[in-house]
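K.L.:
Here's a sequence, model it:
(one chain, ligands or ions: 1)
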Amino acid sequence: MRKKIIFGNWKMNGTNASLERFLETVNANLKGNDVVAGLAVPFTLLATGEKHAGKVKIAAQNVHFAANGAYTGEVSIEMLQELGVKYVVLGHSERREMFNETNESVNQKVKALLAHDMTPIICCGETLATKEAGQTISFVNDQIALAYKGLTADQALKTIIAYEPIWAIGTGKTATAQDAEEVCRAIRQQLAKLYNETTANGISILYGGSVKPDNIKELMNEADIDGALVGGASLKADDYLALVDYK
Ligand SMILES: O=C[C@H](O)COP(=O)(O)O
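P.N.:
Prediction:
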């Protein structure tokens with residue numbers, strides 16, 4: 001059975017002090033029944049995150065694929081591992097749009113993380129223009145095919161996908177549970193084509209885009225939605241708890 005996974009993504013928000021308070025409150029109140037709870041934080045908060053993680057898995061929001069070298073401003077896998085980090089969000093649409101992240105660099109990062117026993121959370125999702133042109137599924141399927149290029153089925157099983165339609169991120173416009181399910185199902189079919197049914201059924205697919213305590217249950221009821229990647233609503237401990245303990 002696939003794991004239910006709910007990760008917050010603080011994006012460029014928070015301080016070490018606010019994260020420590022957040023994790024204390026969350027750990028004191030989290031039931032976390034059958035749900036893997038996680039939080040992606042900026043690089044400067046990772047050490048605090050790991051120190052106070054408790055039941056919460058801590059993720060980075062990016063990494064460089066090279067082992068080391070002249071990459072000013074970048075952070076390597078070894079640097080994350082030194083802090084105990086095991087999850088990394090890759091290819092978030094904000095990184096694709098603003099920081100030149102490409103399908104090819106996502107693929108290189110996926111391979112590098114898997115070679116170090118770390119878990120990539122691979123983001124995909126279409127713009128409003130792509131959606132309005134009726135090309136969502138072919139666009140997202142291409143992103144998936146390129147992110148998984150050269151990966152074996154065993155490696156693919158060690159990844160997590162987050163489907164995040166760009167038009168729904170931070171806009172308050174959530175995809176309906178049915179629309180989100182349709183794309184998540186198509187992604188699973190794409191994984192079955194790339195690998196096989198067993199592999200496709202073993203990979204967790206999360207939905208992201210204006211997920212809130214009042215719509216999480218409906219989304220989680222869908223067959224191919226295994227969790228959520230939550231931005232804005234993950235910033236407050238009470239909302240985060242309501243999301244993770246949605247049952
Ligand atoms: O990584 C999270 C997504 O970008 C969703 O953000 P949001 O929940 O603020 O819409």
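
K.L.:
Can you give me the buried ones in the helix or strand residue 239 falls within?
P.N.:
In the assignment (DSSP states H and E), residue 239 maps to helix 237-244. Within helix 237-244, the residues that count as buried by 16 or more other CB atoms under 10 Å are 237, 239, 240, 241, 243, 244. C-beta coordinates here come from the backbone N, C-alpha and C atoms, glycine included.

K.L.:
mind checking how far it is from the chain centre?
P.N.:
17 Å (CA atoms, centre = their mean, to the nearest Å).

K.L.:
So which elements touch it?
P.N.:
Identification of packing neighbours for helix 237-244 by 3 or more CB pairs under 8 Å, 6 or more residues apart in numbering; DSSP states H and E yields strand 4-9, helix 16-29, strand 35-40, strand 227-230.

K.L.:
Spell out whether the shortest one and the ligand are in contact.
P.N.:
Yes - shown here: strand 227-230 in contact with the ligand (CB under 6 Å from any ligand atom) through 229, 230.

K.L.:
Restricting to C-alpha, output that strand in CSV.
P.N.:
The C-alpha atoms that make up strand 227-230 are tabulated as CSV, following Å, rounded to 0.1, in the frame of the first residue of the first chain:
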residue,chain,number,x,y,z
GLY,A,227,-0.8,13.3,-0.2
ALA,A,228,-0.1,17.0,-0.6
LEU,A,229,2.7,19.5,-0.9
VAL,A,230,1.4,22.6,0.9
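
K.L.:
Quick one: mean pLDDT for it?
P.N.:
Averaging pLDDT along strand 227-230 gives 98.

K.L.:
Now do that strand: everything it contacts.
P.N.:
3-9, 35-36, 40, 89, 121, 123, 162, 164, 204-208, 211-212, 216, 219-220, 240, 243 (CB atoms under 8 Å, 6 or more residues apart in numbering).

K.L.:
give me the subset of these touching the ligand.
P.N.:
Counting by CB under 6 Å from any ligand atom, the members of the contacts of strand 227-230 near the ligand are 9, 164, 208, 211.

K.L.:
The residues you listed into a markdown table, with extra columns for pLDDT, secondary structure and neighbour count?
P.N.:
Converted to a markdown table, these look like this (pLDDT from 0 to 100; DSSP: H, G, I helix; E, B strand; the rest coil; neighbours: other CB atoms under 10 Å):
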| residue | pLDDT | secondary structure | neighbour count |
| --- | --- | --- | --- |
| 9 | 98 | strand | 27 |
| 164 | 97 | coil | 28 |
| 208 | 96 | coil | 28 |
| 211 | 96 | coil | 29 |
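
K.L.:
Looking at those residues, which is nearest residue 191?
P.N.:
Using CB to CB, residue 164 comes nearest to residue 191 of these, at 17.1 Å.

K.L.:
okay but the closest one is in contact with residue 124, surely?
P.N.:
Yes - using CB atoms under 8 Å, residue 164 is in contact with residue 124, at 7.3 Å.
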